[in-house]
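Student: Sequence plus predicted model, see below.
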Amino acid sequence: MFSMPQENYYKRSEIMANDPVMRRYPVAGTIVKEWIIPAKEYSAFTMRRGQTLRFVDIEGKQVPDLVCFNEHDLTDHLNMGNSLLLNKRRELRQGHVLYSVACNPMMTISGYSNEESYAYGPMCSEELNHIRYGVPRTRNCRDNFALALAPYGFTQRQIPNAFVPFMRVEVEPDGAMEIKEPTSGPGDFYDLRAEMDLVVAVSNCPQERNPCNGFKPTPIGIIIYEAG
């Protein structure tokens, strides 16, 4: 069903990470690779167990959607329902674990300068955007993931729900949810440590019709490092 691509890294319009904002917070280890995903674009790559993925918000108020898969069994993918149940929390914080559909630990939240994240809903898609905003053919995270993961044989409907650092969603006492502008600023980071060898895909969320990116999608920085 799935095939491994010839290269372990796939990207869209990669920009080398020479922006000083990437170093606002020191990296506690040896950098393996770093780059910047342009506004509205995507990447897919592999990580080794023990490596850490750092997201860096370059301009502020930008959210990256993340999905991941066991590199040695691509059917074992991120499952946010299991993650919420096993952590016994709706809002995940440092030390909490992202689990797979088979309840295997995939990534641990190991640090951040901004704790906001979103873990309990679907990503934007062509269908959702059309229903919510009446606009067809919009850029969206589900399409981005399908493009990023095409070398692995995935299609749109095989993409699991994502984990979204920096995203801010307020839940009212009556259970109503409302998307708010992120509170992250330039240089804020969010770290996730791999607990197994992973295939990771990132959609630098292209949504511009609600406040999740401050109505203006901007670049996101990626740093993969090994603890020193």
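Tutor: Everything's here; your move. Keep in mind the model is a prediction, meaning the values are calculated, not measured. Residues are numbered from 1 along each chain as shown.
Student: Report all helices and strands that the helix or strand containing residue 222 contacts.
Tutor: Using DSSP states H and E, residue 222 sits within strand 220-227. On a contact count with 3 or more C-beta pairs under 8 Å, 6 or more residues apart in numbering; DSSP states H and E, strand 220-227 meets strand 29-37, strand 42-47, strand 51-57, strand 198-204. To be clear about C-beta, it is placed using only N, CA and C from the backbone, and glycine gets the same treatment.
Student: Check the secondary structure at residue 22 for me.
Tutor: helix (DSSP: H, G, I helix; E, B strand; the rest coil).
Student: Now do the helices in the protein.
Tutor: Taking DSSP state H as the test, the helices found in the chain are 80-87, 126-133, 141-149.
Student: Check the offset of stretch 183-203 from the chain's centre.
Tutor: Relative to its parent chain, stretch 183-203 has a centroid offset of 6 Å by C-alpha atoms, centre = their mean, to the nearest Å.
Student: Straight-line length of that stretch, end to end?
Tutor: Stretch 183-203 has its terminal residues 19 Å apart, counting by C-alpha to C-alpha, to the nearest Å.
Student: Enumerate the positions of that stretch that are buried.
Tutor: 184, 187-196, 198-203 (16 or more other C-beta atoms under 10 Å).
Student: same question, stretch 65-72
Tutor: By neighbour count on 16+ other C-beta under 10 Å, the buried set for stretch 65-72 is 65, 66, 67, 68, 69, 70, 71.
Student: Residue 106 contacts residue 192, doesn't it?
Tutor: No. Using C-beta atoms under 8 Å, residue 106 makes no contact with residue 192, being 9.0 Å away.
Student: so what sits against both of those two?
Tutor: residue 98 (C-beta atoms under 8 Å, 6 or more residues apart in numbering).
Student: Give the full set of residues in contact with the residue nearest the centre of the chain.
Tutor: By C-alpha atoms, centre = their mean, the chain has its centre lying nearest to residue 66, at 2.3 Å. Each residue near residue 66 by C-beta under 8 Å, 6+ apart is listed here: 53, 78, 162, 163, 164, 165, 192, 200, 201, 202.
Student: Excluding residues flanking it in the chain, which one is nearest it?
Tutor: If the residues on either side of it in the chain are set aside, residue 66 comes closest to residue 163, at 5.1 Å by C-beta to C-beta, 6 or more residues apart in numbering.
Student: re earlier: for residue 58, which of the helices of the chain is the nearest?
Tutor: Taking C-beta to C-beta, helix 141-149 is the member of the helices of the chain nearest to residue 58, at 17.5 Å.
Student: Other residues contacting the closest one?
Tutor: Residues outside helix 141-149 that contact it (C-beta under 8 Å, 6+ apart) are 10, 12, 40-44, 65, 67, 123-126, 154-156, 159, 162, 199, 201-207.
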